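Trainee: sequence below, structure please.
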Amino acid sequence: MSSIKFFKVTSLPAVLEPNSVYLVNTAGSLNIHISDNTGTSAIQLSGGNTGGGLIAYPVRKETPKIVGDNNIYALTTQAMVTRRLYFIPFITPRELTLTAFRISVTNQSNGNADIGVYSNIKIANGNDNPYELLTSVTLPTGAPKGDKTAANTFTFEPNVLYWFGIMCSSAPTLRAVNIYSMASSLGRVVDSNNGVSHLYKDYATFGLPSLGPTDLVSGTSNIPAIYLVE
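Mentor: Residues are numbered from 1 along each chain as shown. Now for the predicted structure:
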């Protein structure tokens, strides 16, 4: 049995490889095509700028999206725990290139917030887990209250699992995604009514680790709103 090849392209080539999958990414529109065993034709499985019709994710630069926010339920607030590293899973259905990360401080506390993006890895027990720190920014959490923005030009590949990490050096209150706005992508607490909204670990010192820890705890609270500015 022949192996299947995968290609990421901006247009379907005139000459196709047999038994191949083509991810065609044109101006944010994703289409998946599979060629036959001779390479003479291909069928299209999905398409459109919604990443296969699962979720609409159009570019709207003046109204940035928020990590973990899956509907328009009103935002709330979250009192951050000092030096607690919160991890939130994230997948985008299209290529997403940022110009900045943003948080919104509703109750200031002198200090900083580190925000980072981690890759994913399967650990020994079979779980998905944050792995390598790919990019990061530092934002102030002191006065004045309001939006805090830091430039960053990281590009997220479509349909790839990333982890956002955020840690504060003090205990500000940030605008947050209500847990009722989230998809329960991390599952449910066993023998409980609670859903898992994030993973976390508490540290003795401030700063993002270069590798994600594997001894993470399941969190069930609201999650701090991390804005993705395109």
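Trainee: near residue 147, how many residues? Count them for me, please.
Mentor: By other C-beta atoms under 10 Å, the residues close to residue 147 number 12. C-beta coordinates here come from the backbone N, C-alpha and C atoms, glycine included.
Trainee: now the nearest residue in space to it that is not next to it in sequence: how far from residue 9?
Mentor: Using C-beta to C-beta, 6 or more residues apart in numbering and skipping the chain neighbours, the partner closest in space to residue 147 is residue 104 (5.1 Å). Note on residue 104: its distance to residue 9, by C-beta to C-beta, to the nearest Å, is 39 Å.
Trainee: same check on residue 167?
Mentor: Relative to residue 9, and taking C-beta to C-beta, residue 167 is found at 38 Å.
Trainee: more neighbours: which of the two?
Mentor: residue 167 (25 against 12).
Trainee: where's the residue nearest to residue 147, which helix or strand?
Mentor: Under the criterion of DSSP states H and E, residue 104 resides in strand 100-107.
Trainee: pull the distance from that strand to the chain's centre.
Mentor: In terms of C-alpha atoms, centre = their mean, to the nearest Å, the centre of strand 100-107 is set 17 Å apart from its chain centre.
Trainee: OK, contacts around the nearest residue to residue 60 once chain neighbours are set aside?
Mentor: Leaving aside its chain neighbours, residue 60 sits nearest to residue 230 (7.9 Å; criterion: C-beta to C-beta, 6+ apart). Contact analysis of residue 230 by C-beta atoms under 8 Å, 6 or more residues apart in numbering lists 59-61, 64, 96-99.
Trainee: repeat that for residue 108.
Mentor: With C-beta under 8 Å, 6+ apart, residue 108 has these contacts: 141-145, 172.
Trainee: out of those residues, which are buried?
Mentor: 141, 172 (16 or more other C-beta atoms under 10 Å).
Trainee: mind putting the contacts of residue 108 into TSV with secondary structure, pLDDT and distance to residue 114?
Mentor: Compiled in TSV, the contacts of residue 108 are given as follows (DSSP: H, G, I helix; E, B strand; the rest coil; pLDDT from 0 to 100; distance: C-beta to C-beta, whole Å):
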residue	secondary structure	pLDDT	distance to residue 114
141	coil	98	10
142	coil	96	15
143	coil	95	19
144	coil	95	20
145	coil	95	19
172	coil	98	13
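Trainee: can you list the contacts of residue 108 in TSV and add distance to residue 4?
Mentor: Below are those laid out as TSV (distance: C-beta to C-beta, whole Å):
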residue	distance to residue 4
141	48
142	53
143	56
144	55
145	53
172	49
